[in-house]
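>>> dropping a prediction and its sequence here:
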Amino acid sequence: MNNKADLINDFIIDHETDVLAVCETWLTGTCTDGPVINAIVPPAYSLMHAPRAVVEAAFAVIHRQKGVPRVHEGGSQEMSTFECFECLLKSTKIVRLCVVYRPSSNTNFSLFFDEFEEY
């Protein structure tokens with residue numbers, strides 16, 4: 001996300017995006033993320049993210065603070081064919097947002113669909 005921070009920020013503002021989910025953020029969950037997060041997240045928005053052991057596979061959800069506040073950050077799950085970051089967002093209704101990441105190196109579609117069905 002570091003090299004695309006301005007593009008992401010501009011996209012959110014230009015399109016008045018309520019929620020944006022991103023995979024492969026390269027955020028680490030350390031203090032070194034601060035400048036990147038500040039560059040990405042416009043005023044009146046928040047960022048939730050789940051750093052992973054494999055840094056590039058981290059997830060992020062950027063959302064408006066007003067009208068769509070965070071209710072619950074469910075964390076992330078890792079199956080053998082995919083990873084998932086889950087959170088609940090509250091507006092007039094509660095919305096469960098699941099961001100699924102399936103690495104392109106995983107070509108076992110049958111197992112993916114079996115695991116996803118169990119999820």
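Ah, there it is.

>>> surely residue 29 and residue 47 touch.
No - under the criterion of Cβ atoms under 8 Å, residue 29 makes no contact with residue 47, lying 11.9 Å away. All C-beta atoms are positioned from the backbone trio N, CA, C, and that covers glycine.

>>> got the buried residues for stretch 35-46?
36, 37, 40, 41, 45 (16 or more other Cβ atoms under 10 Å).

>>> which of residue 29 and residue 47 has more residues huddled nearby?
When residue 29 is set against residue 47 and neighbours are counted by other Cβ atoms under 10 Å, the residue ahead is residue 47, at 20 against 12.

>>> now name the helix or strand holding the more buried one.
strand 45-50 (DSSP states H and E).

>>> now do that strand: which elements does it pack against?
strand 59-64, strand 70-78 (3 or more Cβ pairs under 8 Å, 6 or more residues apart in numbering; DSSP states H and E).

>>> how far does that strand sit from the chain's center?
7 Å (Cα atoms, centre = their mean, to the nearest Å).

>>> got it, and stretch 47-63?
5 Å.

>>> gap between the two ends of it?
Stretch 47-63 has its terminal residues 7 Å apart, counting by Cα to Cα, to the nearest Å.

>>> buried set for it?
Buried residues in stretch 47-63 (16+ other Cβ under 10 Å): 47-52, 57-63.

>>> pLDDT on the strand holding residue 47, on average?
The average pLDDT for strand 45-50 rounds to 84.

>>> okay, now the unreliable bits of this structure?
Applying pLDDT under 70 to the chain flags residues 1, 53-57, 66-78.

>>> one more time with 50, if that's ok
69, 71 (pLDDT under 50).

>>> for residue 29, what are its contacts?
49, 51, 58 (Cβ atoms under 8 Å, 6 or more residues apart in numbering).

>>> dump the residues you listed into TSV; add distance to residue 80 as well.
Shown next, in TSV, are these (distance: Cβ to Cβ, whole Å):
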residue	distance to residue 80
49	23
51	20
58	19
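
>>> CA-only coordinates of the strand or helix carrying residue 89, as CSV, when you get a sec.
Residue 89 belongs to strand 83-90 when assigned by DSSP H and E. Extracted C-alpha coordinates of strand 83-90, given in CSV (Å, rounded to 0.1, in the frame of the first residue of the first chain):
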residue,chain,number,x,y,z
GLU,A,83,-7.5,-16.6,4.3
CYS,A,84,-10.4,-14.5,5.5
PHE,A,85,-10.7,-11.2,7.4
GLU,A,86,-14.1,-10.7,9.0
CYS,A,87,-15.7,-7.7,10.6
LEU,A,88,-19.1,-6.3,11.4
LEU,A,89,-20.1,-2.8,10.2
LYS,A,90,-23.1,-1.0,11.6
